[in-house]
Every structure is written in C-alpha cells, then in structure tokens.
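Undergrad: predicted model and sequence follow; I will ask about them next.
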Amino acid sequence: MATRGRGPGLLGDWSRWTPPQAAASPRGRSARPGLASPDQRGSAARRAALAPTTLPALFRQGPRSSDPTVSATRASRPAPPGPTSRARLPRPDAPGRYAATVPARLLRTVLHLLRHRAIRVAVAVMLMIVLIVLVTAGAAAQRLYTFGQAISSQAPLSTGNFYMLGAGRVNLLVLGYGGPGHGGAYLTDSLMVISLIPSSGATTLISVPRDLWVQIPPGSGKYGKINAAYEYGLRNGYAGLPRGQPAAAALAARKVSDVIGVPVTNWLAIDFQGFRKLVDALGGVDVNVPTAFTARYPRADDESLDPGTKIIQFAAGTQHMNGERAIEYARARYVLTPASEGSDFARSLRQQILVRAILARAKQMNAWPRLSDASKALEGTVKTNLSLADLGLFAEKMNFKNARHVGLSTANVLTSSTSADGQYILLPTNGDWTAIRRYVNAHLGQ
C-alpha cells in the first residue's frame, strides 16, 4: 500500500511512495499554489471576528512565518471587521521605529505626572498663584494709570521727552510748599532742580535759596523773594496761562532758570502734607543725618494759629523717620545749635537728603506693595507737567548714589542783604548774576 503524506524516511523504500495531491477547489480546479482555500479563509475570518480584542493584543506582533504560503495568505487576507480593522498602534517596545514627536512626548509625560494627586495639587496651587499675580498686577496697573491721570494733564503713557531716551540733559524743578492750613500756604519753602542726563544717569541736585531777591514777574520792575513766584502765578496767571497751578509752576521755573542759567521747563509741585502722607504710605524712610542739631519747631502747621513751639532734636547717623518726623527734619528753620544748620543752605541740603531717602525707599522691593497706597496719598497733593511714563523713567534713571550737590549760599556766590521794607534777602556777590550761572555750570555732573 502506498504511503501518503509523509515520506518513508531516509532508509525506507521510496518506490512505493505516492506524492500528495493538491486539494481540489469547489469548482473542481486545483488551488493556486500559495493561496488558502475559501474554507480556510472563511474559518480564519470567523476565528478573528470571534477572538476578543485587547489593547495588549493590538500591540503584540506574533513571530513571522518562514512559509511562503502562510505569508502570501496573510498578505491577501481582508481586514476582519470590528475593532481589529483599526490601524496598528505603535509598539512601546520599538521607539526607534515609532518615534513620537517632542510635543507628544511632553504631553504624555505631563498626563502621566498628573495621575499623582500631590502633583495635581501642586499644579493647581501654581496656577492659582499665577492668577493672583496677574489680577494684582492688573489692579496695580489700573491704579497707576488713574494716578497718572490725576497728577498730570498729559496722558499717562505719552511722552514729551522721548521716554528719556535722548542723550541731552533733562531738568526738573521740584517745588515744595505748605499748602492749605499753613502760614504762607503757597510760598515755596523748597526749590530744587534735579538735572539728569538719561543716557548716563549723571545726576545733579541744585538747591535754590528761597530768599533770593528777584523781579516778579519778569520785566515788571517789582521785586520779591523767589519763593513768592509760585504764589504770584497761582493768583494772577503768567505768560498767557490763566491763574492756577500750571501758571504758578511755569513762573517759578522761569525765575529759577534765569538765576542758575539752566533751562528748566519740567516741574513737579507737592505740598508738605503730601510729603508726610507719602513717607507714611511707604512705611517710613531711612535718613542719614550728617549733622546733629536742635531746633524750635511750631506745634501747629500754621504758626499764626498757635504761637507755641516745641524742641526737636536730631542725632547724627541713619535713623528711621515717619512722615511727621521727616517734615520736621526738612523744614526746621529756627535752629538753636549749631548755628550753621539754621541757614537756608543747610535746610536745602536736608531737603535734598529727604528726597533721596524717599526715592531710595520707593525702589526697594518690599516697598512695592505699598506704592498703591502711596499713589492714593499723593493724588491730591502732587501736580506735574510730565506724563506718568516720563516721570517714572526720570526717577528710575537718576543715580542718587553718585549725585552731585550744588547749593547756592553766602559761602560761594551769594551775599546777605536787607530789602527796602526790611526783609532778609540774598543777592549775588557784587551784583553779578552771571557768576551764579558760571558756578552752577562748572559743577554740573557729566
């Protein structure tokens, strides 16, 4: 009997072996080599459809068959219906073949990390902090914008000085006066020019004595102390400007410019109540007192209301001052000892020191949360013809640490005198006003 299927082996009788015949097709034709019969294809499709499909099964790849018949069958087999017809997903164990893009990897990592509760809480806290910072910054920006509208007629973000980007010199006159409720409410107790070169930060502080005897208004033939120029413009107007603060500041700036020979067009006016509020809003300032002194100081802001005085003392060295203490330091006139601290020059120097301390405090990071309160305190007490943007950049570019101090006094270019009506006044030595201008120009910081 002939042996079918397997051969007789290496030592068997091959003469009786009959080779196997190809299976007949349903139509009676032999199947083409390498193709499975319809029955085989159907049974394979049914098995694939009935087999449960899982995610690991989709990722798993079976061993490749070396049989060409099986390979051809797989290549021609239609995709089974249902879940198995989806595109093959990348194998996690084959990163070289299925490399993900960087954003996809990052997203996958973030999603993996967010599975942990502690990380979710940390992310939520971080987002909350960012939101609070943004809201606070927005509120602070709105507050500053409102402040800019209140103190100046210029739009807060506009510029008249090219945002302090030029190489030229910018001069700002700072006027300090008592304000309502004070004796001589609008006589400027302090006239100080801050001269700045924005490109280098070179800063010069020029104090102008309040008792200088000048012609007010210019060309009128009428004379008065330079501290009365602001009050005159406030009540009478100046150079086509109606009476009010702009006219007052413009006239004061013109007279100061005539004296020192430096063009002054920018100004900032503040009453001493504003100084007091500003210092308190900043939480006080640290003032380095160079010379100890003792003085008599009025108990009331308006000396005419209460003739009583009190004794104030300041020791040398750095000390923390609140608003009231800072004003006493800057305005003290009736000095008992030493006599040198009672001069107009010494008082101007103290005012420079106070302004420097205020600006230094405002630049400290722990004072920034207080700036909103400071702006509220100053809204009704400060006026300027600079925009908020220009004023802020002016303050930021000043270099007070290396600033030069120029004071006009009887020790350099001035001499004491008495007016026709008996007032104490100051005049240029030998009546030479150009000597004052040359002195100032020689001491400007470059």
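TA: Arrived safely, thanks for sending.

Undergrad: ok, the residue lying closest to residue 161 once chain neighbours are set aside - how many residues close by?
TA: Closest residue to residue 161 apart from its sequence neighbours, by CB to CB, 6 or more residues apart in numbering: residue 390 at 5.1 Å. To be clear about C-beta, it is placed using only N, CA and C from the backbone, and glycine gets the same treatment. Residue 390 is flanked by 25 other residues according to other CB atoms under 10 Å.

Undergrad: tell me the secondary structure at residue 390.
TA: helix (DSSP: H, G, I helix; E, B strand; the rest coil).

Undergrad: list the contacts for residue 331?
TA: By CB atoms under 8 Å, 6 or more residues apart in numbering, the residues touching residue 331 are 189, 272, 297, 347.

Undergrad: just the ones in helices from those, please.
TA: 272, 347 (DSSP state H).

Undergrad: closest one to residue 365 out of the contacts of residue 331, please.
TA: Among the contacts of residue 331, residue 272 lies closest to residue 365 (CB to CB), at 27.8 Å.

Undergrad: so the closest one is in contact with residue 176, correct?
TA: Yes. Contact criterion CB atoms under 8 Å: residue 272 and residue 176 qualify, at 6.3 Å.

Undergrad: looking at these two, which one has more neighbours?
TA: Neighbour count, other CB under 10 Å: between residue 272 and residue 176, residue 176 has more, with 24 against 21.

Undergrad: could you point out the longest strand in the protein?
TA: What stands out as the longest strand in the chain, according to DSSP state E, is strand 188-197.

Undergrad: can you spell out which helices and strands pack onto that one?
TA: When contacts are defined as 3 or more CB pairs under 8 Å, 6 or more residues apart in numbering; DSSP states H and E, strand 188-197 sits against strand 170-177, strand 202-207, helix 229-236, helix 245-260, helix 344-362, helix 388-397.

Undergrad: compare those and report which one is nearest to residue 316.
TA: That would be helix 344-362 among these, by CB to CB, at 12.3 Å.

Undergrad: any idea of the mean pLDDT for the closest one?
TA: Averaged over helix 344-362, pLDDT sits at 85.

Undergrad: may I have it exported as CSV, CA atoms only?
TA: Extracted as CSV, the C-alpha positions of helix 344-362 are listed here (Å, rounded to 0.1, in the frame of the first residue of the first chain):
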residue,chain,number,x,y,z
ASP,A,344,18.9,128.4,54.1
PHE,A,345,21.7,126.4,52.5
ALA,A,346,21.6,123.8,55.3
ARG,A,347,17.8,123.5,55.1
SER,A,348,18.1,123.0,51.3
LEU,A,349,20.6,120.2,51.8
ARG,A,350,18.3,118.5,54.3
GLN,A,351,15.5,118.6,51.8
GLN,A,352,17.8,117.0,49.2
ILE,A,353,18.6,114.3,51.7
LEU,A,354,14.9,113.6,52.3
VAL,A,355,14.1,113.4,48.6
ARG,A,356,16.9,111.0,48.1
ALA,A,357,15.7,108.8,51.0
ILE,A,358,12.1,108.7,49.6
LEU,A,359,13.3,107.7,46.2
ALA,A,360,15.6,105.1,47.6
ARG,A,361,12.8,103.6,49.7
ALA,A,362,10.4,103.6,46.7
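
Undergrad: list the buried residues of it.
TA: 344-358, 361-362 (16 or more other CB atoms under 10 Å).

Undergrad: low-confidence stretches in the stretch 201-350 of the chain?
TA: In the predicted model, the stretch 201-350 of the chain carries pLDDT under 70 at residues 300-307.

Undergrad: could you rerun that using 80?
TA: Scanning the stretch 201-350 of the chain with the threshold set as pLDDT under 80 gives 299-308, 344.

Undergrad: swap in the stretch 51-200 of the chain?
TA: Across the stretch 51-200 of the chain, the ranges flagged by pLDDT under 80 are 51-144, 166-167, 180-184.

Undergrad: so what's the residue count around residue 311?
TA: Neighbours of residue 311 (other CB under 10 Å): 9.
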